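J.: fold the stuff below for me.
(one chain, ligands or ions: 2)
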Amino acid sequence: MNISDAERIASVLESIKYKPALKMSEADLIVVTMCSVRQSAVDRIHGLIEKFRKLKTKNYKLQTILTGCIIKKDRIKFEKSFDYLVDIKDIKKIPEILNPSLRAKRNLGNYLDITPKYSSKFSANVPIMTGCNNFCSYCVVPYARDREVSRPAKEVIAEVKNLVRNGYKEIWLLGQNVNSYKDGKNNFSNLLKMVNKIPGEFWIRFTSSHPKDFNDEVINTMAIGGKITPYLNLPAQSGDDKVLKSMNRHYTIKDYKNKIEKLKKKIPGIAISTDIIVGFPGETKKQFENTAKLFRDVKYDMAYINKYSPRIGTAAAKLNDNVLWEEKKRREKVLTEILKQTALKGSQKYIGKTVDVLIEGKKQASESERSPVVNRAKRGSTTGAKNIWFGRTNTYKVVKIESFKNILGKIVKVKITEAQPFTLKAKII
Ligand code: 5AD
Ligand code: SF4
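T.: Ligands and ions are numbered 1, 2, ... in the order given. Sure, this is the predicted structure:
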């Protein structure tokens with residue numbers, strides 16, 4: 001979502017004749033799109049402020065803007081350190097903020113209808129909704145991003161059609177909780193069906209889903225296949241019902257597993273990943289064991305495992321963060337070990353098979369590259385290993401391929417020769 005926001009900000013700036021600077025030290029304007037989900041990301045802003053202070057001593061024209069997901073407390077804290085603090089919903093106002101003579105005479109409308117300056121030529125982020133109404137007890141997003149707002153389906157379809165016409169091969173439908181998309185006429189399932197009907201060769205992916213809203217209708221729509229890829233990130237957050245209740249997640253592990261079973265039955269070969277928080281306040285060893293059991297039962301292909309950290313203003317921040325950091329690290333390691341085994345088993349099924357791979361870059365994909373969003377930011381990189389390219393299958397498995405031809409941004413047919421837990425090796429056929 002940060003990348004997608006930044007793409008819209010870039011477009012607003014180009015409309016007033018700004019050009020991308022090659023180096024930060026050459027910039028006259030720096031816009032920071034911050035993330036508040038984890039404290040570590042917020043702490044990085046302090047480092048940037050110091051850097052900007054030094055840059056400003058060399059370039060008196062330099063201006064800085066802070067935007068993105070910001071909570072109230074940080075807003076107050078960072079206000080003095082940036083020239084402007086802009087709510088993400090107000091990025092259309094950046095021209096008049098920088099130059100009051102550009103004050104708009106009319107209502108500028110929703111920022112999501114800005115045509116973005118896409119950062120990739122073959123994979124695009126298309127936000128379909130923003131904000132969240134769920135208030136999971138650990139999560140800062142509803143405070144930083146406000147309540148849910150969906151984009152009209154017509155607008156989403158027009159954006160996707162335009163991207164496909166321009167050769168885009170992968171479309172990510174984005175939102176904090178895509179399953180609760182509604183534009184008055186359409187729900188998420190309808191929107192998926194409409195995007196699936198757009199002619200052209202491209203893959204549809206979406207994130208994030210919430211198990212409470214991920215229903216049979218969406219499963220049946222995914223089962224239609226077509227351009228909808230057989231991959232799903234379904235964040236469980238915990239494998240224990242009591243912890244889930246304390247997290248305010250509104251589902252039980254039985255509900256969650258039922259959905260996974262249906263998915264696996266209706267979409268053979270589907271790859272599934274999850275998000276997990278270990279060491280939530282009060283999580284006992286026994287409760288954690290239920291998460292380990294969930295991992296063994298579901299046999300995830302990938303998992304994004306987070307150690308709980310309290311976020312000011314959230315309900316969980318009032319609870320006693322009583323699981324020691326060392327214990328959180330241990331729990332993370334236990335899950336990672338199970339994941340490696342289940343992911344390896346999943347990967348080994350690919351050996352000898354012919355699959356399509358969308359080539360994302362010419363760089364050795366490191367297994368530690370966890371976040372799908374961060375990975376996409378790095379797409380198109382051409383540094384690194386010889387002629388080793390990397391890309392992903394429609395099931396989101398990373399594949400390394402040797403090729404002397406430029407295959408960037410193409411969907412190529414390959415034969416899988418080797419399997420590691422999170423990486424496959426393949427030959428072009
Ligand atoms: N502590 C640790 N992990 C968190 N996440 C969200 N809030 C917190 C927190 N306070 C994780 C969740 C979510 C992912 C984006 O970040 O697992 O799915
Ligand atoms: Fe945060 Fe929960 Fe909303 Fe996801 S659904 S953004 S975890 S509050």
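
J.: what about the nearest residue to Ala21 once chain neighbours are set aside, how many neighbours?
T.: In this structure, Ala21 finds its nearest non-sequential neighbour in Ala27, 3.9 Å apart by Cβ to Cβ, 6 or more residues apart in numbering. No exception for glycine: its C-beta is placed from N, CA and C like everyone else's. Per other Cβ atoms under 10 Å, the neighbour tally for Ala27 reads 19.

J.: state the distance from Ala27 to ligand 2.
T.: Distance of Ala27 to ligand 2, computed by Cβ to the nearest ligand atom, to the nearest Å: 31 Å.

J.: Ala6 now?
T.: From Ala6 to ligand 2 the distance is 19 Å (Cβ to the nearest ligand atom).

J.: what's the closest residue to that residue other than its chain neighbours in contact with, if anything?
T.: Counting by Cβ to Cβ, 6+ apart, Ala6 lies nearest to Thr33, which is 4.8 Å off, once chain neighbours are set aside. With contact taken as Cβ atoms under 8 Å, 6 or more residues apart in numbering, Thr33 is in contact with 2, 5-6, 9, 67-68, 88.

J.: need those in JSON lines (columns: secondary structure, pLDDT and neighbour count).
T.: Formatted as JSON lines, these follow (DSSP: H, G, I helix; E, B strand; the rest coil; pLDDT from 0 to 100; neighbours: other Cβ atoms under 10 Å):
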{"residue": "Asn2", "secondary structure": "helix", "pLDDT": "93", "neighbour count": "19"}
{"residue": "Asp5", "secondary structure": "helix", "pLDDT": "96", "neighbour count": "23"}
{"residue": "Ala6", "secondary structure": "helix", "pLDDT": "97", "neighbour count": "21"}
{"residue": "Ile9", "secondary structure": "helix", "pLDDT": "98", "neighbour count": "23"}
{"residue": "Thr67", "secondary structure": "strand", "pLDDT": "97", "neighbour count": "23"}
{"residue": "Gly68", "secondary structure": "strand", "pLDDT": "96", "neighbour count": "23"}
{"residue": "Ile88", "secondary structure": "helix", "pLDDT": "94", "neighbour count": "21"}
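
J.: and which of the residues you listed is nearest ligand 1?
T.: Ranked by distance to ligand 1 (Cβ to the nearest ligand atom), these are led by Asn2 at 11.8 Å.

J.: picking that back up, the residue nearest to Ala21 touches Lys61, doesn't it?
T.: No: assessed by Cβ atoms under 8 Å, Ala27 is found out of contact with Lys61, at 9.6 Å.

J.: ok, the residue in the stretch 51-200 of the chain positioned nearest to ligand 1 to Ile277 distance?
T.: Residue nearest to ligand 1 within the stretch 51-200 of the chain: Tyr138 (4.1 Å; Cβ to the nearest ligand atom). Shown here: Tyr138 relative to Ile277, a distance of 6 Å by Cβ to Cβ, to the nearest Å.

J.: pull the number of nearby residues for Gly391.
T.: 25.

J.: mind listing what it touches?
T.: By Cβ under 8 Å, 6+ apart, the contact set of Gly391 is 357-361, 398-399, 401, 412.

J.: same question, Val357
T.: Going by Cβ under 8 Å, 6+ apart, Val357 touches 391-393, 399, 401, 411-414, 426.

J.: any chance of those residues in CSV, with secondary structure and pLDDT too?
T.: Below are those laid out as CSV (DSSP: H, G, I helix; E, B strand; the rest coil; pLDDT from 0 to 100):
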residue, secondary structure, pLDDT
Gly391, strand, 97
Arg392, strand, 98
Thr393, strand, 98
Val399, strand, 98
Ile401, strand, 96
Ile411, strand, 97
Val412, strand, 97
Lys413, strand, 97
Val414, strand, 98
Ala426, strand, 98
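
J.: top helix in the protein by residue count?
T.: Looking across the chain with DSSP state H, the single longest helix is helix 325-348.

J.: how much space between the closest residue to ligand 1 within the stretch 301-429 of the chain and Lys242?
T.: Closest residue of the stretch 301-429 of the chain to ligand 1, Cβ to the nearest ligand atom: Asn306 (3.4 Å). Applying Cβ to Cβ, the value for Asn306 to Lys242 is 19 Å.

J.: neighbour count: these two, which is higher?
T.: Per other Cβ under 10 Å, whichever of Asn306 and Lys242 has more neighbours is Asn306, with 19 against 14.

J.: just the element for that one, please.
T.: Per DSSP states H and E, Asn306 falls inside strand 302-307.

J.: quick one: mean pLDDT for that strand?
T.: Averaging pLDDT along strand 302-307 gives 98.

J.: neighbouring strands for that strand, and are they parallel or not?
T.: In the sheet, strand 302-307 lines up against strand 271-278 (parallel) (DSSP bridges).

J.: relative to helix 325-348, how tilted is the strand it pairs with?
T.: 170 degrees (axes from the mean of the first three to the mean of the last three Cα atoms, to 10 degrees).

J.: that older thread, ok, of the contacts of Thr33, which one's closest to ligand 2?
T.: Asn2 (13.6 Å).

J.: how about the contacts made by the closest one?
T.: Listed by Cβ under 8 Å, 6+ apart, the contact partners of Asn2 are 33-35, 68-69, 373.

J.: next one: stretch 293-301 to chain centre, how far?
T.: How far stretch 293-301 lies from its chain's middle: 22 Å, per Cα atoms, centre = their mean, to the nearest Å.

J.: buried residues in that stretch?
T.: Across stretch 293-301, burial judged by 16 or more other Cβ atoms under 10 Å covers 294-295, 298-301.

J.: quick check: closest non-adjacent residue to the closest residue to ligand 2 within the stretch 151-300 of the chain.
T.: Of the residues in the stretch 151-300 of the chain, the one nearest ligand 2 is Gln176, at a distance of 4.2 Å by Cβ to the nearest ligand atom. Nearest non-adjacent residue to Gln176, counting by Cβ to Cβ, 6+ apart: Cys132, 4.2 Å away.

J.: list the helices and strands the strand or helix carrying Ile45 packs on?
T.: Assigned by DSSP H and E, Ile45 belongs to helix 39-58. On a contact count with 3 or more Cβ pairs under 8 Å, 6 or more residues apart in numbering; DSSP states H and E, helix 39-58 meets strand 29-34, helix 72-79.

J.: tabulate the CA atom coordinates of that helix in CSV.
T.: This file holds the C-alpha atoms of helix 39-58, laid out as CSV (Å, rounded to 0.1, in the frame of the first residue of the first chain):
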residue,chain,number,x,y,z
GLN,A,39,7.6,0.4,15.9
SER,A,40,10.8,-0.4,14.0
ALA,A,41,9.4,1.3,10.9
VAL,A,42,8.5,4.4,12.9
ASP,A,43,12.0,4.5,14.5
ARG,A,44,13.5,4.6,11.0
ILE,A,45,11.9,8.0,10.6
HIS,A,46,14.2,9.4,13.3
GLY,A,47,17.2,8.4,11.3
LEU,A,48,15.8,10.1,8.2
ILE,A,49,15.1,13.3,10.1
GLU,A,50,18.8,13.5,11.1
LYS,A,51,19.8,12.9,7.4
PHE,A,52,17.4,15.5,6.1
ARG,A,53,18.8,18.0,8.7
LYS,A,54,22.3,17.5,7.3
LEU,A,55,21.0,17.7,3.7
LYS,A,56,19.3,21.0,4.4
THR,A,57,22.6,22.6,5.5
LYS,A,58,23.8,21.9,1.9
